[in-house]
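S.K.: the following comprises the amino acid sequence and a computationally predicted model.
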2 protein chains.
Amino acid sequence: MPRVSDEHLAARRQQILDAARVCFSRDGFHATSMQDVIAEAGLSVGAVYRYFKSKQELVTSIAEDVLEGADAVLGEIAAHEPPLPLADAVERALDFADGQTGPDGLFRIAIQVWGEALRDPELAVFVKDRYSRFRQHYATIARRAQEAGDLPPDADVEAVGAALFGMVPAYAIQRVLADGPDKKTYAAAVRTLLMR
Amino acid sequence: MPRVSDEHLAARRQQILDAARVCFSRDGFHATSMQDVIAEAGLSVGAVYRYFKSKQELVTSIAEDVLEGADAVLGEIAAHEPPLPLADAVERALDFADGQTGPDGLFRIAIQVWGEALRDPELAVFVKDRYSRFRQHYATIARRAQEAGDLPPDADVEAVGAALFGMVPAYAIQRVLADGPDKKTYAAAVRTLLMR
DNA sequence: GTGTCAAGAACGAACATTCGTTTTACACTG
DNA sequence: CAGTGTAAAACGAATGTTCGTTCTTGACAC
């Protein structure tokens, strides 16, 4: 179909991305063949290669989408008014993470991205950049908690931010791979540790 | 060269496992070809296939070795006499994890294992089992801390164990993928959160 | 000799990607 | 509004490569 609207093109592109996300989440980047993505999208080989010049580009696009989404959510939590107590902020982040641990969630893809970033320097740079932002968001949470007297005045907010940040993927890993405690139980434990 | 000693056979097997670990750590499971492993081991195709009947078996063996090693270390920390305060126990675990974050460390492989466990039900069972043990070790740490009055009497030691457990891979992820704070800084932050 | 082990050539399947062809939506003409 | 040209879009068979694995062959200890 020639001379097609921009919306049509964007929709086609999204259709391919959606299919790729399903396949990557189910089988991982490497065990997913282009044929799998093509079949899932219900398109032809040529059509997919019109929109993405390689499988790598598809992987990169998906990885970027996943990280962007998480960044937006964390930014909101960090900017919340009034400033959230540490445990509340972590709990909200856990809420988000929890919703991504299912078969259709993004966390399965995030794990794939970690593995990929170990080998792909370009992706590694992007991951580092986004994770630095994540950590900055948590550092903001810590700083505001400190200002509220919720942390000692001499606490290193950057480092505390890093520790808080870690609790979220740590929870998700345990949910996905280790039959870990549910969100409520885990959040209660975090409160036990933070509130004492 | 026939009629070879059992030690020779075990050494050959280990030689292959060592080569595989190097390759898998460098390139990941999927981007490593059997040719890569074979070349790294300095052996022939036939030799390697004498000791491992498939690539999958090689992957599984490596994954199991990695998890076994961590289990042993955590078991020691949990059983330490006298019982370790929470922050000390976590710091010791961080010590271990920190040593595995380098190019030759096992943590890079652990990330690959996570991705693989999402697709391989057999490996998933093994990972779940080992991670349950990990969590049990941390629950032991929490229970002993509780007995020492270091945690509230009504704290859920299993859940607190899960939260403590998470801090270690969380640290390692940040070190490997996100230019996170060094061990000393991170440990101090954990103390800030736990000690107040 | 005989049994064990290693070597590496060979194999078939699966892979990402290319490219020549077909289809189709739209612009333009009268 | 009908007819036609055209270029974009989609198609899918074909390609060349790489992969994991098997198989044949030879070497050496006993």
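M.R.: Looks like it arrived, so ask away.
S.K.: where do the helices sit along chain A?
M.R.: Using DSSP state H, the helices of chain A run over A:6-31, A:34-41, A:45-51, A:55-78, A:86-99, A:107-117, A:121-147, A:157-177, A:183-195.
S.K.: what's the domain layout of chain A?
M.R.: Listed by automatic domain parsing, the domain ranges of chain A are A:1-53, A:55-194.
S.K.: roughly how far apart are the residue in chain A that DNA strand D sits nearest to and DNA strand C?
M.R.: Residue nearest to DNA strand D within chain A: A:G46 (2.0 Å; C-beta to the nearest atom of the strand). Any C-beta I mention is one placed from the backbone N, CA and C, and that applies to glycine too. Distance, A:G46 to DNA strand C, using C-beta to the nearest atom of the strand, to the nearest Å: 4 Å.
S.K.: next: A:M34.
M.R.: Taken as C-beta to the nearest atom of the strand, the span from A:M34 to DNA strand C is 4 Å.
S.K.: just put the helices of chain A in CSV and tack on mean pLDDT and mean neighbour count.
M.R.: Listed next are the helices of chain A as CSV, based on pLDDT from 0 to 100; neighbours: other C-beta atoms under 10 Å in any protein chain shown:
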stretch, mean pLDDT, mean neighbour count
helix A:6-31, 90, 17
helix A:34-41, 94, 17
helix A:45-51, 93, 14
helix A:55-78, 94, 18
helix A:86-99, 95, 20
helix A:107-117, 96, 24
helix A:121-147, 95, 19
helix A:157-177, 95, 24
helix A:183-195, 92, 20
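S.K.: of all those helices, which lies closest to B:E57?
M.R.: helix A:6-31 (17.2 Å; C-beta to C-beta).
S.K.: mind giving me the packing neighbours of the closest one?
M.R.: With contacts defined as 3 or more C-beta pairs under 8 Å, 6 or more residues apart in numbering or on different chains; DSSP states H and E, the packing partners of helix A:6-31 are helix A:34-41, helix A:45-51, helix A:55-78, helix A:107-117, helix B:6-31.
S.K.: can that helix be found next to DNA strand D?
M.R.: Yes. Using C-beta under 7 Å from any atom of the strand, helix A:6-31 comes into contact with DNA strand D via A:8-9, A:12.
S.K.: can you give me the offset of that helix from its chain's centre?
M.R.: Distance of helix A:6-31 from its chain centroid, counting by C-alpha atoms, centre = their mean, to the nearest Å, is 17 Å.
S.K.: from A:A10, how far off is the spatially closest residue to A:E147 that is not a sequence neighbour?
M.R.: In this structure, A:E147 finds its nearest non-sequential neighbour in A:P83, 7.4 Å apart by C-beta to C-beta, 6 or more residues apart in numbering or on different chains. Distance of A:P83 to A:A10, given as C-beta to C-beta, to the nearest Å: 38 Å.
S.K.: can you check A:A78 too?
M.R.: Taking C-beta to C-beta, one finds A:A78 at 31 Å from A:A10.
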